[in-house]
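# need a 3D model of the following:
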Amino acid sequence: MQPEIATALRRSRLIYLTTYSRSGRSGTVPVWFMVDQGNLYFTTGRSTVKARRIRSNPRVTVHIGTREGPGFTGKAFWVEDPSPFLERLLRAYRRKYWYLWWLFGLRIRHGLQRGEEILIRIIPDEET
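Down below sits the predicted model:
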């Protein structure tokens, strides 16, 4: 990962994730995230548009901080078993999003445990 991308990810609370339908239509949404060993992780509802798009077309574009911020392309995948990441993800979210954690923390935990939420891993392309 390029140093300027890594620095921007450390400083930012949001990424702007662009997903693509099978036909190539795009949609961009702000997303909470965690970085672990050069990959990005985030949670979302199992039936959201972004989850369905990622399932059918793993190509994504990520911009950091703002829609025009530094960015990269990559591939996103559903993590079939989030349990090895659960506590690490929750700790990272609690530190990064402490001001909203009381609203969303339990929902994220229980949603992942029940399978209502999914964990997505973004693997940046090589040139990133």
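# any idea how far the residue positioned nearest the centre of the chain lies from Pro3?
A centroid search over the chain (C-alpha atoms, centre = their mean) returns Phe42, at 3.1 Å, as the residue closest to the centre. Distance, Phe42 to Pro3, by C-beta to C-beta, to the nearest Å: 22 Å. Backbone N, C-alpha and C define where each C-beta goes, glycine included.
# for Ile120, same thing?
Note on Ile120: its distance to Pro3, by C-beta to C-beta, is 25 Å.
# so, low pLDDT: which residues of the protein?
Scanning the chain for pLDDT under 70 picks out 97-106, 108-110, 112, 127-128.
# returning to that earlier point: what's the helix or strand hosting the residue nearest to the centre of the chain packed up against?
In the assignment (DSSP states H and E), Phe42 maps to strand 39-45. Applying 3 or more C-beta pairs under 8 Å, 6 or more residues apart in numbering; DSSP states H and E, we find strand 39-45 packed against strand 15-20, strand 34-36, helix 49-56, helix 83-96, helix 98-114, strand 117-124.
# quick check: most distant residue from the centroid of the chain.
Farthest-from-centroid check, the chain (C-alpha atoms, centre = their mean): Ser23, 22.2 Å.
# got phi/psi on that one?
Dihedral pair for Ser23: phi -80, psi -10, per degrees, to the nearest 10.
# now Ser56, nearest residue through space, not along the chain?
Counting by C-beta to C-beta, 6 or more residues apart in numbering, Ser56 lies nearest to Arg22, which is 5.2 Å off, once chain neighbours are set aside.
# how many other residues sit next to that neighbour?
8 (other C-beta atoms under 10 Å).
# again with the one 5 residues further on
The burial count assigned to Gly27 is 12, neighbours taken as other C-beta under 10 Å.
# before we move on, back to that, so the residue nearest to Ser56 belongs to a helix, correct?
No: assigned with DSSP: H, G, I helix; E, B strand; the rest coil, Arg22 falls outside any helix and is coil.
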